[in-house]
Structure formats: C-alpha cells, structure tokens
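In: the following block contains a protein sequence and its predicted model.
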Amino acid sequence: MRNPHAGQPFTDSDEEIAEALLDVSIPTLMLSLVHMSSDPNLIRGALKPAGLFLNEVQGYMSEDDKAAVRILALDVIGDYRDRGCPDPEPVNGELLKEMMEWLVCEPVPDEYVPMLLEEMELDGRDSRAAHSSASAAARDDFPVVVIGCGESGLLAGIRLKEAGIPFTIVEKNAGPGGTWYRNTYPGARVDVGNHFYCYSFEPTDQWTHFFAEQPELQAYFQRVMDKHDVGPHVRWETEVTEANWDDATATWTVRARAVDGAESTLHARAVISAVGQLDRPFLPTITGRESFTGKAFHSAEWDHSVDLRGRRVAMIGGGASGFQIAPTIADEVEHLTVFQRTAQWMFPNPNYHEPVGPGVQWALRHLPFYGRWYRFLLFWPGCDKGLAAARVDPDYPDPQRAVSEVNEITRMMFTEWITSQIGDDPDLAAKVIPDYPATGKRTLQDNGSWLKTLTRDDVDLVRTPIDHVDADGVVTVDGTRHPVDVIVYATGFRATEVLWPMTITGRDGDDLRDRWGERPAAYLGITVPGFPNFFCMYGPGTNLASGGSLIFHSECQMRYISGCLDHLIDGGHRWMEPRQDKTDDWVRRSQEEMRTMVWAHPSVEHSFYKNSHGEVYTLSPWRLVDYWAWTRVPEPDDFVFG
Ligand code: NAP
C-alpha cells in the first residue's frame, strides 16, 4: 500500500509545476526532492536555509537562491513524474536527522528525534493508534463515556473505535469542534499554524489559510468525525451534569440533560473528560453590568442577530479573542472603544491572515512528505524553545521588566515590533507596551492589524479601569462616560475552575471540586487518586503557554489513556487509580517547576492562568519532549488496581 504521506501521483505539465513552485516553502521543497530523487547531495551544497524563526517558512533564503532551487526542482519533479510517481525509498535514520537539522539550521538533540519522527509519520504508520489486546467480550463489557466532542473528545472517540471499545460521547453543542464550534465571533482564527494544528494522522491539503478561521476549523473536525464515523456515537445537545462512581459495581453513573430539558442516565466503566479549559465564559463582576439596556454578550456567545453597523460598541477585554475581534469589526461599527486592563505582548507573524496559495495546496497533495516536513518546520521552533524565555532567573534585577537575560532580549524584540508600528506616539506607546515581562501571559500573533486598528480615529483604547456600567454606557474611574449601544465582553473563560460546573463524585462520595478547590491537579494531568477509571484530557497542568499545540498534547494523553484502558480490560481489573504518593510527588514537582516560570511570577498581576493566590495549576511547566516520554506507556507501578 502506498505511504499515505507520499503524495498522490500526478501528471501535471512542467509549466503547471513551475507555477505551483512559486508559492511553496523552498526549504521544505528541497527535502521533498531528497525523497523523490534519493539524492542527499541536494541538501549538501550551497543552497540552504539561513535561519529559523517561527512561521518564517522560507528560511531567510535569498530570492536568487529560491529561484535556483525552483529550476533544480523542476528537473527532479519532472523525472519523478515521468517515472510514474513511485513510492519513495525509505530514508535511513541518520539522513533523516541530517534533514531535520538542515531544515531548522541547528542541532536537533537525539532525545527529540523519536518524538518528531513519530509526529511526522514518515513511515506512513500512525504509531499513536490504539489497539486492545483484550477479547471482544471483555471490551464489550467495558463501555466508556466521553464528555465533550471538541478536538480532544473527538480524538478519544477515534481511538476508542480503533480499539474496539464501546463508547458514547456526550456533547452539549449540536456539532463537533468544541471551542471551534462555540467561538463564532468575527475574526476568530487559530494562532498555531494549521498544517501543524491538526491531528498528526489527519493532515489535509485543504486549509485555505495558514491560520484558519473558525468555520474552516469546525468543518475540519466535522470532516474527520465523518471519516472515522464517530458521529453515530455522539449524543448532541446534551450536557453532562454529574458523574458518580459506585464502588460496588465499579461503574460510573453519568447524568446528562438535553437541550429540551430531558434528563438521561448512562452507565460506564470509565469516563473520559474532554471538556477543555476554555469552555465556560467568564463575565467579570462590574457594578451595574445588568443595568445596561443595549445589547451585551460574551465573545464566545456572539449574538449574530445584532447588527453592529452604525453602532457605538464597547469591547471589554483585549486578550486573544479581543485582539481578533477589534480589527474585524472596526470597519463596520460607528465607533469602537476597547477597554483593556492589561496590555498584551505580541510578536510578528506576517502569514497570520495570509491565504494558502494553490501551489502550496498542490505541493501538499502531490510532493512526497512535503506536508510532513512542513509540519516539522512549524512544530520545531515552538517545541520547548519558549521555555528559556519564560524561565525566571532569581538574581535578575528589575523582574517587573524582565525575569532573565533571554527574557530581556525577548522583551526588546517584542518592543521593537510594537514601536516600529506606532511611530512617534509616546501616549499610545505608554498604553500598548506591557509593563510586565515578555511571555508572562499568552503572547499573541500579530501582523500589525491590532495596532493599526487602535490608531484609527473611530477607535479608542481605554486603559483607565472601569468603575461601572450604566443603562447606556461604560464609566471609568476617572469619571469619564463612554456612551455605547453594544457591549462585547471579550473577557475570557473560567479556566482555573477545571471541569466546572459538573459534579464529579469519586470513591466514598468525594467531590472533585471540593478536593481541588483552587488547586486542580491530576497525575500527568490525566488521573486523580480516589476517582477510579476517570481520565482527563486537557486536564489540570496541561495547558500550554510557550509553544506546541494542544492537539499534540491531546494525542499524548489519549495514547496514555488507551494504554490504561488496555491494562484495565486485558488485565481483567475492575478499576485503576493513580497512587497517592506518585500523584503528590508529581504535583509537588510540577509546582516547584512552575514557580520558576514567568507565568507564576508576581510581576504578572492579572492572568487567567493564576488562581486567587497567584499560583498556576492549569499550565504545564514541562518540556513537550518530557511529557511525550512520560505519557507513552502507563507504568503499572504508578497505579493501584482493584
Ligand atoms: P483572555 O486572554 O483571558 O482575555 C480576557 C480579557 O478580558 C483580558 O484582556 C482581561 O484583562 C480582560 N478582563 C478579564 N476580567 C476583567 C475584569 N474584571 N475587568 C477588566 N478586564 C477584564 O481571554 P480570551 O481573549 O478569550 O482568550 C483566552 C484563551 O483562549 C487564550 O489565551 C487562548 O488560549 C485561547 N484563544 C485562542 C485563540 C487563537 O488561537 N487565536 C483565540 C482566542 C482565544 P487582563 O489581561 O488584565 O486579565
């Protein structure tokens, strides 16, 4: 069988190929040429990338060099086409590592190579696929309930299906995608490059943008769900309200409520929570909020019936969502007032709103492993490198400004990007240059649209705190009234209240919310002592602030959960839960590590990562390569079985 990543055979003419090559990432193309020609010398000459930066996919190659590669490529691709596009010969490990290092212009440490190769699937094998060693009868006796059909819940469904384990997904929305189903606000798009932000085993050449907008993302999850025929397993528009463990029968009783109010009960031997951390909108307590007589809604509950044309709009909050909304609605509204409590760090990404050209789509579809190497090129710069800038040097002076030398350099780079856009405008500079260390909160991708919007005459940025809202406006603490017709709350999510508002009751009636309080924690972010056969995806301690992709993390978690289910079912166990000592040790080490990171530093005053004590329990402080290694195979000694 043809390697699925070897590309579909083609018969395009030289002219058509030459046209396509105008769009593509030239360094990525060169690696594809090595596969087509089996000639590593193609990357051992003078034509090579000169440097690495996230989303700079041309490796800073000169126009002349790129043109030279295109000429060379035409020969290699033409020959490959004329030979009938055969499946390329496998490339040995040594050469693969050489190709990796060539593409990213730096050494790739050995410990990363197996993870990257697995992620790239160059051998055409999805080695994260789930298998069950148990008999069909044992599997049939082990129904699983998955809560949520966002990216992680859908993944859970795909893997459970592969393993032949019966399952039901309960989803409160009417379709798949989770956050990509709910967040339909104007301008909603992903800020991790889409050719990486997709399942490793379900790449697509269909993205129309490098950073797709919400409808396209939702359509992707729908397509993947249909392909894997997961839909028939989902109860749509049904919300899980509680799940209770019964020790005597070793089952979970899951209660759910449909949108029409009908209550139902499901019984499961295991529960996988896949609700994410960014599901429940957060509305701030602002005096008078309820007294506003105009239309008001949260960014995640956008009211599309409200026509913004000719309206004065207040947008409260300017985080990742607000950052996308303001530039998108500014043309439409009569006046936009952005109330931003804390300025945001941002960094340049010229591709952010760019369409994917037909040449790139052609290369993804036809050129052997082009998409796989492109995925690697997007993954690598965000793979653990951001941790260096986020690590606190306790001896660094003036930590309100920067927490280490690397962090200071990052600050300078980000500041330069901001000031290069606003020219000589000290008032605006004072408002938009953050007063806390770089990367202290989630750093935003920027192509200049945010600051351009703020410099419009019909847009105001207000940094003065809000005092209250009244019937027809927002009043700041300096007494200024801002009369508005519509208020958009782009105020984020109840991220620290993991699994809220569900009630999860484990052994001896232990309530998970009481257990966690403001300090949610699970072993590897997945399992909790006292809550047998209960597994979290995107659980506490697994959000990512310094790079990577949540889909990568979900794939790690689901492989681990599949391994746990195999232990349970094949081992004939009724239940398993993580050892308390192992979990305590994990939480202690995670917190120790987290306290060395800028996200938990007191210089960052407001952050949705922090609980009311300023502690961070939702994020991972760990390297992706470590988390990948730790979650490959569940270690039986970490668990108690019953
Ligand atoms: P967010 O980053 O938490 O931003 C919320 C905004 O509301 C911040 O400006 C915050 O100010 C402000 N705010 C909160 N409470 C307030 C209060 N009481 N008074 C005044 N202002 C208040 O939420 P988000 O923008 O929805 O983004 C959340 C996360 O969703 C992101 O970090 C990201 O993980 C994800 N997301 C991703 C994308 C993407 O991929 N492109 C897009 C959107 C969202 P402070 O900063 O002062 O707290």
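Out: Perfect, I can see it now.
In: contacts only, for the residue lying closest to residue 382 once chain neighbours are set aside.
Out: Spatially, and ignoring its direct neighbours in sequence, residue 382 is nearest to residue 547 (3.1 Å; Cβ to Cβ, 6 or more residues apart in numbering). C-beta here means a position set from N, CA and C on the backbone, and glycine is covered the same way. Contact analysis of residue 547 by Cβ atoms under 8 Å, 6 or more residues apart in numbering lists 381-386, 624.
In: one more time with 7 Å, if that's ok
Out: By Cβ atoms under 7 Å, 6 or more residues apart in numbering, the contact set of residue 547 is 382-386.
In: tell me the mean pLDDT for stretch 247-263?
Out: Mean pLDDT, stretch 247-263: 98.
In: who's in contact with it?
Out: With Cβ under 7 Å, 6+ apart as the criterion, stretch 247-263 contacts 145, 170, 237-246, 264-269, 271, 507, 533, 574-575.
In: which of those come close to the ligand?
Out: Applying Cβ under 6 Å from any ligand atom to the contacts of stretch 247-263, one finds that nothing falls near the ligand.
In: give me the subset of these that lies in strands.
Out: 145, 170, 238-246, 264-268, 271 (DSSP state E).
In: so which helix or strand takes in residue 410?
Out: helix 405-422 (DSSP states H and E).
In: distance from the chain centre to that helix, please.
Out: Put simply, helix 405-422 sits 24 Å off its chain's centre (Cα atoms, centre = their mean, to the nearest Å).
In: could I get the average pLDDT for the helix or strand following that helix?
Out: Following helix 405-422 in sequence order, the next helix or strand is helix 426-432 (DSSP H and E). Averaging pLDDT along helix 426-432 gives 95.
In: helices or strands up against helix 426-432?
Out: Applying 3 or more Cβ pairs under 7 Å, 6 or more residues apart in numbering; DSSP states H and E, one finds that helix 426-432 contacts helix 405-422, helix 449-454.
In: whichever residue of the stretch 151-300 of the chain sits closest to the ligand: how many residues sit nearby?
Out: The ligand sits closest to residue 284 of the stretch 151-300 of the chain, with a gap of 3.0 Å, by Cβ to the nearest ligand atom. Neighbourhood size, residue 284 [other Cβ atoms under 10 Å]: 12.
In: wait, it touches residue 491, no?
Out: Yes. Using Cβ atoms under 7 Å, residue 284 is in contact with residue 491, at 5.3 Å.
In: contact residues of the stretch 251-400 of the chain facing the ligand?
Out: 278, 284, 299, 316-322, 324, 340-342.
In: what do you get if the cut-off is 5 Å, keeping everything else the same?
Out: Proximity of the stretch 251-400 of the chain to the ligand, by Cβ under 5 Å from any ligand atom, involves residues 278, 284, 317-321, 341-342.
In: any weak-confidence spans in the stretch 51-200 of the chain?
Out: Residues of the stretch 51-200 of the chain meeting the criterion pLDDT under 70: none.
In: my read: residue 587 touches residue 522, true?
Out: No. The pair residue 587 / residue 522 is not scored as a contact, 8.6 Å apart, by Cβ under 7 Å.
In: compare those two (neighbour count), which wins?
Out: Between residue 587 and residue 522, counting by other Cβ under 10 Å, residue 522 is the more crowded of the two (26 against 18).
In: ok, the residue in the chain that the ligand sits nearest to - contacts?
Out: Minimum separation of the chain from the ligand (Cβ to the nearest ligand atom) falls at residue 319, amounting to 2.1 Å. For residue 319, the contacting residues are 344, 490, 492, by Cβ under 7 Å, 6+ apart.
In: got the residues you listed as JSON lines, with neighbour count, secondary structure and pLDDT columns?
Out: Formatted as JSON lines, these follow (neighbours: other Cβ atoms under 10 Å; DSSP: H, G, I helix; E, B strand; the rest coil; pLDDT from 0 to 100):
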{"residue": "344", "neighbour count": "20", "secondary structure": "coil", "pLDDT": "97"}
{"residue": "490", "neighbour count": "23", "secondary structure": "coil", "pLDDT": "98"}
{"residue": "492", "neighbour count": "21", "secondary structure": "coil", "pLDDT": "98"}
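In: was I right about residue 524 contacting residue 629?
Out: No. If you go by Cβ under 7 Å, residue 524 and residue 629 don't touch, sitting 11.1 Å apart.
In: settle it for me: which of those two has more neighbours?
Out: Shown here are residue 524 and residue 629; by other Cβ under 10 Å, residue 524 has more neighbours (24 against 14).
In: which residues does the host helix or strand of residue 71 contact?
Out: Secondary structure assignment for residue 71, by DSSP H and E: helix 63-82. Residues from elsewhere that reach helix 63-82, judged by Cβ under 7 Å, 6+ apart: 10-11, 14, 17-18, 21, 26, 29-30, 33, 36-37, 47, 58.
In: can you select the buried ones among the residues you listed for me in ChimeraX?
Out: A single ChimeraX command selects the buried members of the contacts of helix 63-82 (16 or more other Cβ atoms under 10 Å):
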select :10,17,18,21,26,29,30,33,36,37,47,58
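In: which bits of this structure sit near the ligand?
Out: Of all the residues in the chain, those lying near the ligand are 190-191, 278, 284, 317-321, 341-342, 442, 491-492, 606, 608, going by Cβ under 5 Å from any ligand atom.
In: biggest separation within the residues you listed, which pair?
Out: Taking Cβ to Cβ as the measure, the residues of the chain next to the ligand span a maximum distance of 25.5 Å, between 190 and 284.
In: give the contact list for residue 639.
Out: Applying Cβ under 7 Å, 6+ apart, the residues contacting residue 639 are 576-579.
In: if we use 6 Å, what do you get?
Out: With contact set as Cβ atoms under 6 Å, 6 or more residues apart in numbering, residue 639 has these partners: 576, 578.
In: make 10 the starting number, not 1.
Out: Shifting the count to begin at 10 puts that one at residue 648.
In: wait, doesn't residue 290 sit right on residue 309?
Out: Yes. Between residue 290 and residue 309 there is a contact under Cβ atoms under 6 Å: 4.8 Å.
In: more neighbours, those two?
Out: residue 309 (22 against 17).
In: look up the residues forming beta bridges with residue 176.
Out: Residue 176 has these beta-bridge partners by DSSP bridges: residue 153.
In: let me see the contact set for it.
Out: Residues in contact with residue 176 (Cβ under 6 Å, 6+ apart) are 153, 155, 169, 242.
In: returning to that earlier point: select from the residues of the chain next to the ligand every entry located in helices.
Out: Members of the residues of the chain next to the ligand lying in helices (criterion: DSSP state H): 329-330.
In: PyMOL command for the buried members of the residues of the chain next to the ligand?
Out: Buried members of those, identified by 16+ other Cβ under 10 Å, are gathered into one PyMOL selection as follows:
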select buried, resi 199+200+287+326+327+328+329+330+350+351+451+500+501+617
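In: between the residues of the chain next to the ligand, which sits nearest residue 367?
Out: residue 199 (21.3 Å).
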